[in-house]
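Enquirer: whatever this is, show me its structure:
(one chain, ligands or ions: 3)
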Amino acid sequence: MSGPLLRVEGVKKHFAFTKGILFSRTLGHIKAVDDVSFDIKAGETLGLVGESGCGKTTTSRMILNLEEPTEGRILLEDQPIQGLQGEALRAYRAKVQAVFQDPWSSLNPRMKVGRTIAESLIVNASRDRKSGDQAKIAARVRELLLQVGLRPEQAEQYPHEFSGGQRQRVALAAALASRPKLIVLDEPVSALDVSIRAQMMNLLKDIQAQDNVAYLLVAHDLATVRHMANHTVVMYLGKIVEKAPTEQLFADVRHPYTKALFSAVLVAWPGRSEEEIELRGEVPSPLNPPSGCRFHTRCPYVMQRCSQQEPLLREVSPGHAVACHLFDNA
Ligand SMILES: Nc1ncnc2c1ncn2[C@@H]1O[C@H](COP(=O)(O)OP(=O)(O)OP(=O)(O)O)[C@@H](O)[C@H]1O
Ligand code: SF4
Ligand SMILES: [Mg+2]
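Expert: Numbering: from 1, shown residues only. Ligands and ions are numbered 1, 2, ... in the order given. Just a heads-up that it's a prediction; the model follows:
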């Protein structure tokens with residue numbers, strides 16, 4: 001493999017917006033994701049941030065091969081993932097796993113957690129390793145529970161016997177069972193008490209250091225991204241507005257929307273006091289996104305060309321790209 005672990009190339013997802021129950025007609029398309037490109041390197045974390053509805057989960061679902069892009073392509077280890085079937089699709093699912101905000105969504109309440117983890121092992125095993133004997137499976141389940149900071153005997157318990165943080169650890173153990181190369185973490189700590197968020201984030205970092213697994217980390221919370229991500233991508237209404245190595249972004253935030261996101265929380269950046277931007281109004285509908293720059297209806301720096309011409313994502317320094325007319329001559 002020469003390139004990055006995962007490559008997302010010009011990906012779009014447009015959902016038909018229909019009206020009527022019996023005879024539905026298409027009234028338009030919701031541009032949930034509209035021409036998004038980024039790479040994730042092996043063993044690294046890419047943070048994906050933006051307000052509710054900007055397309056983070058839709059992007060994740062396409063990477064998980066649960067949703068087909070309308071346009072563009074996604075490659076894992078240089079191989080396009082669209083159209084995978086049978087054994088190739090199973091192998092892909094084993095390599096790319098997920099942990100969602102609500103661990104209940106991946107846990108069966110009527111199943112002991114050890115069995116849930118064992119099933120993940122069995123489902124993701126290749127055909128020639130499917131038969132794996134019981135003792136080996138039980139040993140691997142114990143090992144996974146230890147890896148996520150739980151006790152092996154907790155395999156005998158049901159999900160309701162765990163706290164929220166522990167349930168998220170069980171979901172992580174199930175995701176790790178197939179030794180994935182990438183785990184999509186969609187708001188993995190948002191539902192947890194603040195006091196246990198840091199523990200979960202540190203656990204994720206330790207596991208990454210041990211297993212060299214990459215993460216796509218979807219988060220509202222900039223502190224989580226700062227703590228976890230090597231690179232950060234900021235989305236607004238289906239588009240990338242800024243992407244950079246995380247340290248670089250926090251040291252030198254450029255896009256007015258990113259500044260507004262940072263202003264909403266206690267994140268310092270050089271020049272913050274003069275430039276705090278309050279995000280006013282609602283996010284416009286992705287059914288009829290604003291012309292030109294999609295942020296122009298809320299941007300305090302809006303210029304005439306902003307509503308007419310779409311700004312391209314261009315590099316303002318190595319690895320740091322911004323889509324805004326303020327940087328047209330950068
Ligand atoms: N299956 C679908 N059919 C139609 N529209 C959809 C579908 N899935 C998502 N959308 C729309 O696409 C847009 C992006 O949704 P998405 O769930 O990706 O956002 P998000 O960034 O994950 O938001 P949140 O932070 O609230 O989780 C939203 O306007 C949403 O309503
Ligand atoms: S292109 Fe114009 S409207 Fe868009 S963020 Fe830049 S200045 Fe604001
Ligand atoms: Mg989401």
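
Enquirer: where is the longest strand in the chain?
Expert: strand 25-40 (DSSP state E).

Enquirer: contacts (any at all) between ligand 1 and that strand?
Expert: Yes - between strand 25-40 and ligand 1, judged by Cβ under 6 Å from any ligand atom, the touching residues are Ile30, Ala32. C-beta: built from backbone N, CA, C; applies to glycine.

Enquirer: which element is Gln166 on?
Expert: Assigned by DSSP states H and E, Gln166 belongs to helix 164-176.

Enquirer: what does the chain have sitting close to ligand 3?
Expert: For the chain, the contact set with ligand 3 under Cβ under 5 Å from the ion comprises Lys56, Thr57.

Enquirer: quick check: which ranges of the chain have low pLDDT?
Expert: Residues of the chain meeting the criterion pLDDT under 70: 1-2, 127-132, 266-274.

Enquirer: is Ala260 in a helix, a strand, or coil?
Expert: Counting by DSSP: H, G, I helix; E, B strand; the rest coil, the backbone at Ala260 sits in helix.

Enquirer: I'd say it and Ile277 touch.
Expert: Yes - using Cβ atoms under 8 Å, Ala260 is in contact with Ile277, at 4.1 Å.

Enquirer: who has more neighbours, these two?
Expert: Neighbours were counted for Ala260 and for Ile277 using other Cβ atoms under 10 Å; Ala260 has more, 22 against 19.

Enquirer: how much space between that one and Leu46?
Expert: Distance, Ala260 to Leu46, using Cβ to Cβ, to the nearest Å: 22 Å.

Enquirer: likewise for Pro311?
Expert: Distance from Pro311 to Leu46, by Cβ to Cβ: 22 Å.

Enquirer: neighbour count winner among these two?
Expert: Between Pro311 and Leu46, counted using other Cβ under 10 Å, the more crowded position is Leu46 (26 against 22).

Enquirer: then the more buried one would be within a strand, right?
Expert: Yes - according to three-state DSSP, the state of Leu46 is that of a strand.

Enquirer: please list all residues in contact with it.
Expert: Applying Cβ atoms under 8 Å, 6 or more residues apart in numbering to Leu46 gives the contacts Phe38, Ile40, Ala214, Tyr215, Leu216, Leu217, Ala229, Asn230, His231, Thr232, Val233.

Enquirer: bridging residues for it?
Expert: Taking DSSP bridges as the rule, Leu46 bridges to Leu216, His231.

Enquirer: look up how far Leu76 lies from it.
Expert: From Leu46 over to Leu76 the distance is 14 Å, taken as Cβ to Cβ.

Enquirer: same thing with Asp102?
Expert: Taken as Cβ to Cβ, the span from Asp102 to Leu76 is 26 Å.

Enquirer: higher neighbour count, the two?
Expert: With neighbours defined as other Cβ under 10 Å, Asp102 and Leu76 compare such that Leu76 has more, 22 against 15.

Enquirer: wait, the more buried one touches Gly3, no?
Expert: No - checked against Cβ under 8 Å, the pair Leu76 and Gly3 is beyond contact range at 10.2 Å.

Enquirer: got phi/psi on the residue in the chain that ligand 3 sits nearest to?
Expert: Using Cβ to the ion, the closest approach of the chain to ligand 3 is made by Thr57 at 3.1 Å. With angles defined as degrees, to the nearest 10, Thr57 sits at phi -70, psi -40.

Enquirer: contacts only, for it.
Expert: Each residue near Thr57 by Cβ under 8 Å, 6+ apart is listed here: Asp186, Val218.

Enquirer: cool, and Ser60?
Expert: Applying Cβ under 8 Å, 6+ apart, one finds that Ser60 lies in contact with Leu48, Ala98, Val184, Asp186, Leu216, Val218.

Enquirer: please repeat the previous calculation with a cut-off of 7 Å.
Expert: By Cβ atoms under 7 Å, 6 or more residues apart in numbering, the contact list for Ser60 reads Val184, Asp186, Leu216, Val218.

Enquirer: now Ser190
Expert: Gln101, His220, Asp221.

Enquirer: including secondary structure, could these go into CSV?
Expert: Formatted as CSV, those follow (three-state DSSP):
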residue, secondary structure
Gln101, coil
His220, coil
Asp221, coil
